[in-house]
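Undergrad: Let's see this in three dimensions:
(2 chains)
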Amino acid sequence: MIPDDDDFHYKSIINLLKYMSKVSAPPNFESDLMRRINSGNFKEKYKVQWWDKILLPSRVIPSAAVAASVVAILYFYNPNSTEYENPFLVKPVMREDISRVSTNRNLSTVPHEFAEASVNNSLKINKEGLNFLQIRINDAERAKINKLKEQIKAYFNKTQ
Amino acid sequence: MTNTKLSDLTDEELILEFQLNNTVKAYEILVQRYKNPLINYIYRFLGDYETCADIVQETMIKVYKNKDSYKSIAKFSTWIYTIAGNLARTEYQRRKRRNIFSISSHGDDEEPFDIPDQSARPDVIADSGIKDEIIQKALLQVSDSYREMVILRDIQEMSYEEIANITGITVGTVKSRINRGRTQLQKLLKDIYKE
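TA: Model prediction:
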């Protein structure tokens, strides 16, 4: 045995182990052995059985963990479950107030401002709460917009 | 081949002689050469003299029965240590399982129970000092995978390559396990060894 750096580092512990007294075989070891061999008594007391290989902790622990996981998955997973919903196939949730305006004509259930709009057959838009861009316009622009409005009104009157 | 000539042969030559000519004397010489190193190895690993003597006998019987399965590409010592190591490891695992079951079967009645400490048998420690006994007890507290490596390296004085061949793991793993085992031993034996 060629000592290396590690051996040098653990020199004291190695010396303790190296100089432990040597244990010897019992005096009748060889005679017992040859007697067993000559009598054909090969019954193996310490034979490595197949379950010894299987029951190693290094194999039992991971196997048990895998088995437990499989049982847990089978317990919680039900392939016939009706609760399962494909998120891509689920109808989007409708906003209650909008759906009422567009589909429900029963005025008693329509909010006040929308009911008024339905009666007049035109929708008054309540700007409150809407997120729109406010821009300041000058007089010339306002005049131009008013002119366009007049033109649009005239066009609609003409077509009706 | 005469007896005097046989005893001059190497282990590999002896097993070859046993394989080819069924020379029982060659086998007996091998038994003579290996009985004590193997007893020492297994005893340090298991800490039980009776079991260790049985395991070494079983090893020798395996060598006798399976002599033809030895291939001369490997060293004879590697082969015989591998057989003995496998038997010892199996016995160790079996004992561990037995201890677990016996402990769990005692679990309900809260009476204390003792696991026999066979390392303290007087016939085993008769010619060794208290120090030896303390070291042996500490050795048995080291994790079994580290303990085996430490015994092979520091008590059996084998090379890393030989240990790797016997245990079937890489030289790097052997080195790291030896050092971890030594560190554990250092902690356990801090009172009796001096830096």
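Undergrad: Helices of chain A, start to end?
TA: For chain A, the helices defined by DSSP state H occupy A:5-9, A:11-18, A:29-38, A:50-54, A:57-76, A:96-103, A:112-119, A:139-159.
Undergrad: right, and those - which one's nearest residue B:151?
TA: Closest of the helices of chain A to residue B:151 is helix A:11-18, at 8.0 Å (criterion: C-beta to C-beta). Heads up, the C-betas are built off the backbone N, CA and C, glycines and all.
Undergrad: Just the buried positions in the closest one, please.
TA: Buried residues in helix A:11-18, counted by 16 or more other C-beta atoms under 10 Å in any protein chain shown: A:13-14, A:16-17.
Undergrad: so where's chain B uncertain?
TA: B:1-4, B:99-128, B:193-195 (pLDDT under 70).
Undergrad: Give me the angle between the longest helix along it and helix A:57-76.
TA: The helix that spans the most residues within chain B, counting by DSSP H, is helix B:76-105. Using axes from the mean of the first three to the mean of the last three C-alpha atoms, to 10 degrees, one finds that helix B:76-105 and helix A:57-76 are set 50 degrees apart in direction.
Undergrad: neighbours around residue A:9, how many?
TA: Using other C-beta atoms under 10 Å in any protein chain shown, residue A:9 has 12 other residues around it.
Undergrad: separation between it and residue B:181?
TA: Note on residue A:9: its distance to residue B:181, by C-beta to C-beta, to the nearest Å, is 13 Å.
Undergrad: before we move on, what about residue A:152?
TA: On the measure of C-beta to C-beta, residue A:152 and residue B:181 end up 94 Å apart.
Undergrad: Check residue A:12 too.
TA: For residue A:12, the distance to residue B:181 - C-beta to C-beta - is 15 Å.
Undergrad: and if you look at residue A:36?
TA: With C-beta to C-beta as the criterion, residue A:36 and residue B:181 are 34 Å apart.
Undergrad: go on, residue B:187?
TA: Taking C-beta to C-beta, one finds residue B:187 at 11 Å from residue B:181.
Undergrad: Could you pull up the contacting residues of residue B:16?
TA: The contact partners of residue B:16, by C-beta atoms under 8 Å, 6 or more residues apart in numbering or on different chains, come to residue B:72.
Undergrad: what about residue 71, how many neighbours?
TA: Here I'm looking at chain A. As a burial measure, residue A:71 scores 10 neighbours (other C-beta under 10 Å).
Undergrad: sorry, should have said chain B
TA: Residues lying near residue B:71 (other C-beta under 10 Å) number 7.
Undergrad: what kind of secondary structure is it in?
TA: Three-state call for residue B:71 (DSSP: H, G, I helix; E, B strand; the rest coil): coil.
Undergrad: Any figure for the gap between it and residue A:140?
TA: Using C-beta to C-beta, residue B:71 is found at 106 Å from residue A:140.
Undergrad: got it, and residue B:62?
TA: 110 Å.
Undergrad: hang on, the earlier thing: who's more crowded, residue A:36 and residue B:181?
TA: residue B:181 (25 against 17).
Undergrad: Compute the inter-axis angle for the helix or strand containing residue B:58 and helix B:76-105.
TA: Residue B:58 belongs to helix B:49-65 when assigned by DSSP states H and E. Counting by the same axes, to 10 degrees, helix B:49-65 points 140 degrees away from the direction of helix B:76-105.
Undergrad: What is helix B:49-65 packed up against?
TA: Secondary-structure packing of helix B:49-65 (3 or more C-beta pairs under 8 Å, 6 or more residues apart in numbering or on different chains; DSSP states H and E): helix A:29-38, helix B:24-46, helix B:76-105.
Undergrad: Helix A:29-38 and that helix, what's the angle between them?
TA: 50 degrees.
Undergrad: For helix B:49-65, what is the distance to the chain centroid?
TA: 11 Å (C-alpha atoms, centre = their mean, to the nearest Å).
Undergrad: same thing with stretch B:175-185?
TA: Computed by C-alpha atoms, centre = their mean, the chain-centroid distance of stretch B:175-185 equals 17 Å.
Undergrad: Just checking, which helix or strand of chain A averages the lowest pLDDT?
TA: When each helix and strand of chain A is scored by mean pLDDT, DSSP states H and E, helix A:112-119 comes last, with a mean of 51.
Undergrad: who's more crowded, residue B:62 and residue A:140?
TA: Between residue B:62 and residue A:140, counting by other C-beta under 10 Å, residue B:62 is the more crowded of the two (20 against 8).
Undergrad: thought that one was touching residue B:83?
TA: Yes. Using C-beta atoms under 8 Å, residue B:62 makes contact with residue B:83 at a distance of 5.2 Å.
Undergrad: what bits of chain A have low per-residue confidence?
TA: Looking at chain A by pLDDT under 70, you get A:1-2, A:41, A:43-57, A:78-85, A:95-134.
Undergrad: go with 80
TA: Within chain A, the stretches with pLDDT under 80 are A:1-7, A:40-59, A:77-135, A:160.
Undergrad: what's the closest non-adjacent residue to residue B:145?
TA: Ranked by C-beta to C-beta, 6 or more residues apart in numbering or on different chains and with sequence neighbours excluded, the top spatial neighbour of residue B:145 is residue B:177, at 6.1 Å.
Undergrad: number of nearby residues for the one you found?
TA: So residue B:177, with other C-beta under 10 Å, has 21 neighbours.
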